[in-house]
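>>> turn this into a model:
(one chain, ligands or ions: 4)
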Amino acid sequence: MIKLAAFADILPHVASIPGDMDITGLASDSRRVEPGNLFFALAGTKADGAAFIADAIQRGASAVVARKGSVTGEISVPLSEVDDPRLALAQAAARFYAGQPATMVAVTGTSGKTSVASFTRQIWEYAGLSAASIGTTGVVAPGRDEYGELTTPDPISLHKLLSELAASGVTHGAMEASSHGLSQRRLDGVKLAAGGFTNLGRDHMDYHPTVEEYHQTKMRLFDTLLPVGAPAVVFADDAWSEATMEAVRKAGRELLTVGRNGTYITIKRAEHERHRQHGEVEHDGRIYEIDLPLAGEFQLSNALVAAGLAIATGLDPAIAFKAFKYIKGASGRLELTGTTPEGAQIYVDYAHKPEALENVLKAVRPFTTGRVFLVFGCGGDRDRGKRPIMGDIARRLADVAIVTDDNPRSEDASAIRAEIMAAIPDAQEIGDRREAIRSAIAMLRTGDTLIVAGKGHEHGQEIAGTKYPFSDHEEVSKALEGLGS
Ligand SMILES: CC(=O)N[C@H]1[C@@H](OP(=O)(O)OP(=O)(O)OC[C@H]2O[C@@H](n3ccc(=O)[nH]c3=O)[C@H](O)[C@@H]2O)O[C@H](CO)[C@@H](O)[C@@H]1O[C@H](C)C(=O)N[C@@H](C)C(=O)N[C@H](CCC(=O)O)C(=O)O
Ligand SMILES: Nc1ncnc2c1ncn2[C@@H]1O[C@H](COP(=O)(O)OP(=O)(O)OP(=O)(O)O)[C@@H](O)[C@H]1O
Ligand SMILES: N[C@H](CCC[C@H](N)C(=O)O)C(=O)O
Ligand SMILES: [Mg+2]
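Residues are numbered from 1 along each chain as shown. Ligands and ions are numbered 1, 2, ... in the order given. Below is the predicted model:
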């Protein structure tokens with residue numbers, strides 16, 4: 001419970017409302033309003049929250065926040081009109097749910113966010129700090145491991161969570177900043193100590209009009225959310241690194257680069273083995289040995305961004321680099337899930353966009369003496385343009401590809417497959433994902449590698465509005481049991 005007047009600096013006019021009222025909670029969905037809630041009417045992609053003000057009041061909303069000019073006519077409760085209701089909601093949520101872990105960092109980029117958030121938490125944990133990570137795979141903190149729906153939670157859930165974490169003694173938190181989250185102001189109330197950037201590729205072209213606009217949205221993390229002078233840890237070896245560095249410099253934040261071309265942490269030497277990477281990095285004039293028990297050079301890039309975030313916010317570099325040895329991959333990120341009796345290896349991976357798929361296929365090639373198999377599809381109700389691009393990547397980089405279903409959502413699954421197969425007509429088509437996985441595993445021989453791509457950690461498959469239980473991990477295990485391994 002908090003007085004409405006406590007939001008006076010965020011919400012115009014509330015200071016002039018006679019008789020201060022108690023606010024029992026915040027809501028942005030009228031269907032979830034409880035008596036005494038402050039309702040925020042948000043303009044969305046499908047609806048305008050202003051149309052649900054009457055509904056919210058009927059359910060007991062005691063005051064309403066809406067975009068200037070969006071409310072016509074009288075309403076029966078106090079109204080605060082603002083330029084940006086989503087920003088007001090984020091700030092109000094941070095006020096309502098007081099307390100955040102003292103050191104919060106956020107990472108953006110097309111791929112690697114979940115991994116970086118998880119690695120940063122693990123580095124802090126290794127150093128003995130009480131740490132949390134928040135992102136696509138959910139929340140992980142001392143005593144908590146919860147599956148999540150969104151990469152960046154909405155501000156109300158996010159601040160409730162941060163407040164609980166702080167109250168339970170968590171001092172360090174790493175979170176993912178998705179482009180949706182940044183554009184919708186979901187993390188504008190978070191007090192950030194540092195920000196990170198991994199890379200930029202094609203994603204969410206159903207939401208962002210151009211790649212440039214998509215990049216600019218991601219840059220909000222640096223030019224708006226990060227305090228002036230705060231460190232921005234930028235991966236230096238990506239095609240979009242230069243543009244990101246420029247954005248950070250222009251915004252007056254401290255630029256720290258990592259990677260082969262990085263100056264804050266520089267890769268001096270890296271040897272990649274099948275399941276680990278070993279090498280040396282330079283930081284602040286000193287050389288540190290690193291040993292990372294994960295496959296794929298991209299995981300080393302992610303680990304460097306994580307180390308950069310931890311060091312930039314105060315951790316001893318020697319401890320940060322030593323922690324690499326104990327890092328576990330995030331669930332379903334190039335995760336070795338099984339081995340056939342003949343020794344072929346099967347990985348579950350979350351690549352559901354072009355660059356991720358390309359990276360993963362390239363990552364396993366050097367260690368595959370036989371053929372690289374790929375089982376993949378594309379999600380429905382998402383960027384259609386990526387389908388033939390991913391088909392083409394599979395054609396170029398996999399030896400055997402099976403096109404199957406991901407989450408068709410409301411779309412016709414066979415039409416999605418056809419759009420992928422336009423670029424890889426020779427692929428096998430097996431719509432049923434379980435069948436596709438079984439069929440691929442049955443074909444594997446010594447030296448082969450199979451990547452089951454697209455769903456990673458997911459627990460379900462969404463078909464025509466229903467989420468059916470489904471796990472790539474489980475299906476791989478069951479198929480292997482069938483082979484007697
Ligand atoms: C496309 C998108 O981002 N949608 C988000 C957006 O919803 P919207 O603006 O489209 O909502 P809308 O349906 O148009 O309705 C507008 C407003 O009216 C309200 N409403 C609606 C109906 C009603 O009866 N009463 C009512 O009050 C809604 O609650 C909403 O506030 O704002 C909502 C509230 O903040 C989010 O929950 C919702 O996320 C949906 C669930 C979603 O699926 N988002 C995905 C695409 C997403 O955000 N993904 C990113 C990136 C993933 C990644 O690649 O890593 C993520 O961070 O997870
Ligand atoms: N640094 C990287 N560069 C390129 N590809 C990567 C990188 N890190 C991870 N990937 C690929 O992207 C997939 C998703 O990785 P991760 O979950 O860490 O990224 P993310 O940015 O959180 O993705 P999402 O936005 O889908 O949640 C991995 O399974 C892997 O295929
Ligand atoms: N957060 C991403 C996840 C996509 C996962 C993939 N399995 C798919 O369904 O396309 C999205 O909602 O676009
Ligand atoms: Mg993620």
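>>> the closest residue to ligand 3 within the chain is in what secondary structure piece?
Using C-beta to the nearest ligand atom, residue 379 is the residue of the chain that sits closest to ligand 3, at 2.1 Å. C-beta here means a position set from N, CA and C on the backbone, and glycine is covered the same way. Per DSSP states H and E, residue 379 falls between elements, in no helix or strand.
>>> now the one 4 residues further on
Counting by DSSP H and E, there is no helix or strand that carries residue 383.
>>> now it: phi and psi?
In terms of degrees, to the nearest 10, the main-chain angles of residue 383 are phi -30, psi 110.
>>> and residue 413, by the same measure?
Recorded main-chain torsions at residue 413 are phi -60, psi -40, according to degrees, to the nearest 10.
>>> tell me the SS of the closest residue to it other than its chain neighbours?
Excluding its sequence neighbours, the residue lying closest to residue 413 (C-beta to C-beta, 6 or more residues apart in numbering) is residue 405, at 4.7 Å. Classification of residue 405 by DSSP: H, G, I helix; E, B strand; the rest coil places it in coil.
>>> and the gap between the residue of the chain closest to ligand 3 and ligand 1?
From residue 379 across to ligand 1, the span is 10 Å (C-beta to the nearest ligand atom, to the nearest Å).
>>> give the contact list for the residue nearest to residue 413.
Residue 405 sits next to 377, 413, 416, 417, 431, 432, 433, 461, 463 when contact means C-beta atoms under 8 Å, 6 or more residues apart in numbering.
>>> what sits up against the host helix or strand of residue 173?
Using DSSP H and E, residue 173 falls within strand 172-176. Identification of contacts with strand 172-176 by C-beta under 8 Å, 6+ apart yields 100-108, 113-114, 116-118, 120-121, 124, 129-136, 151-152, 162, 165, 187, 190, 306, 309, 313.
>>> direction included, what does it pair up with?
Sheet partners assigned to strand 172-176 using DSSP bridges are listed as strand 103-108 (parallel), strand 131-135 (parallel).
>>> any idea of the mean pLDDT for stretch 123-133?
Here stretch 123-133 scores 98 as its mean pLDDT.
>>> chain center to it, what's the gap?
Averaging C-alpha positions (C-alpha atoms, centre = their mean, to the nearest Å) puts stretch 123-133 19 Å from its chain's average.
>>> same check on stretch 300-308?
Offset of stretch 300-308 from its chain centre (C-alpha atoms, centre = their mean): 16 Å.
>>> ok, and does it reach over to ligand 4?
No - using C-beta under 5 Å from the ion, we find that stretch 300-308 stays clear of ligand 4, coming within 11.2 Å at best.
>>> quick check: buried residues in that stretch?
Neighbour-count burial for stretch 300-308 flags 300, 301, 302, 303, 304, 305, 306, 307, 308 (criterion: 16 or more other C-beta atoms under 10 Å).
>>> please name the residues that touch the residue of the chain closest to ligand 3.
Neighbours of residue 379 in contact, by C-beta under 8 Å, 6+ apart: 352, 406, 407, 408, 409, 454.
>>> neighbour-wise, which of these leads?
residue 454 (28 neighbours; other C-beta atoms under 10 Å).
>>> surely that residue touches residue 376?
Yes - at 5.3 Å, residue 454 counts as touching residue 376 under the criterion of C-beta atoms under 8 Å.
>>> what do the two both touch?
Contact criterion C-beta under 8 Å, 6+ apart; residues shared by residue 454 and residue 376: 351, 406.
>>> that older thread, so which elements touch the helix or strand that the strand holding residue 173 is followed by?
Once strand 172-176 ends, the next helix or strand along the chain (criterion: DSSP H and E) is helix 179-183. Helices and strands touching helix 179-183, as assessed by 3 or more C-beta pairs under 8 Å, 6 or more residues apart in numbering; DSSP states H and E, comprise helix 211-220.
>>> for this structure, list the residues in contact with ligand 3, please.
Neighbours of ligand 3 within the chain, by C-beta under 6 Å from any ligand atom: 151, 352, 379, 382, 406, 407, 454, 455, 458.
>>> dump these to CSV, plus distance to ligand 2 and pLDDT.
Shown next, in CSV, are those (distance: C-beta to the nearest ligand atom, whole Å; pLDDT from 0 to 100):
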residue, distance to ligand 2, pLDDT
151, 5, 93
352, 6, 96
379, 10, 97
382, 11, 92
406, 12, 98
407, 12, 98
454, 9, 98
455, 10, 97
458, 10, 94
